[in-house]
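1. Here's my sequence, what's the structure:
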Amino acid sequence: MAVTGCREVPSEFSARFSARSRTYVYAILEDPIPDPFLHATTLAHRGGLDVGAMNEAAGHLLGERDFTSFGRLPDAEKTAIRNLFDLEVRRAGRIVRVKARANAFIQQMVRSLVGTLISVGEGKMGPAQMASILDAKDRAAAGPVAPPHGLCLVSVEYDEGWSSPPPDP
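-> Coordinates of the predicted model:
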C-alpha cells in the first residue's frame, strides 16, 4: 500500500460510511502448475475458464438486488440489498481478473460472486442460473466461496472527491 496524498476532512467524514463505492479485484492464475511467486496473491486454477460465459453470468447480477445468496449478514436486522455497479472478467495472459464495484458489499460477497463465476467458467453452472440463485436468497444456491488470498481492495470512492478513479483490472 502506498499513500499518494492526504488532506483534512470534515469531522463527520467516515472512511467506511461516507464511501460511495468500493472496487475489488480478484486474481485467478490459469496454469496447470501453481506459480510460487503468485501463490499469495492469486487463486491457482489448473483448468481453463470460459471468460465469455463468466461475463454473461456477471451481467445477470448487475443492479440493485438482494445478494443474500452471495454472502452473510452478521446482523439479521440489516438488509442484503446492494447496488452492484460493475462486475466484469478479463484475461491478461495467464491471469484472469474479476473486478467488482458496488455501493457496499455484505460479508464474503465478492468471494462468493467469484466462486460462482468460476463454476460458470468451468461449465458446472450456466450463466442464466444467476437469476434463480438471487431469487433463492439462500447461500447454498450459489457456488463456493473463493479463498481470500486472490482478493484485493483497489479503490474506494467518496462523494466529496476524496478518491482517485478505480484502476482497470
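2. Now do the SS call for the residue nearest the centre of the chain.
-> In the chain, the C-alpha nearest the mean C-alpha coordinate belongs to Val110, at 3.3 Å (CA atoms, centre = their mean). The local conformation at Val110, judged by DSSP: H, G, I helix; E, B strand; the rest coil, is helix.
3. what's the distance between Ala100 and Arg72?
-> According to CB to CB, to the nearest Å, Ala100 and Arg72 sit 17 Å apart. The C-beta positions use only the backbone N, C-alpha and C, and glycine is treated the same way.
4. Looking at those two, which is more packed in?
-> Under the criterion of other CB atoms under 10 Å, the comparison of Ala100 against Arg72 puts Ala100 first, with 25 against 13.
5. What about Pro148, how many residues nearby?
-> Using other CB under 10 Å, Pro148 has 11 other residues around it.
6. so where's this protein shaky on pLDDT?
-> Low-confidence segments of the chain, defined by pLDDT under 70: 1, 160-169.
7. That one: helices as residue ranges?
-> Applying DSSP state H to the chain gives helices spanning 51-59, 109-121, 129-136.
8. can you list contacts of the first one?
-> Which is helix 51-59. Contact partners of helix 51-59, identified using CB atoms under 8 Å, 6 or more residues apart in numbering, comprise 87-91, 96, 98, 113, 116-118, 120-121, 123, 125-127, 129-130.
9. are any of those buried, and which?
-> 87-89, 96, 98, 113, 116-118, 120-121, 125, 127, 129-130 (16 or more other CB atoms under 10 Å).
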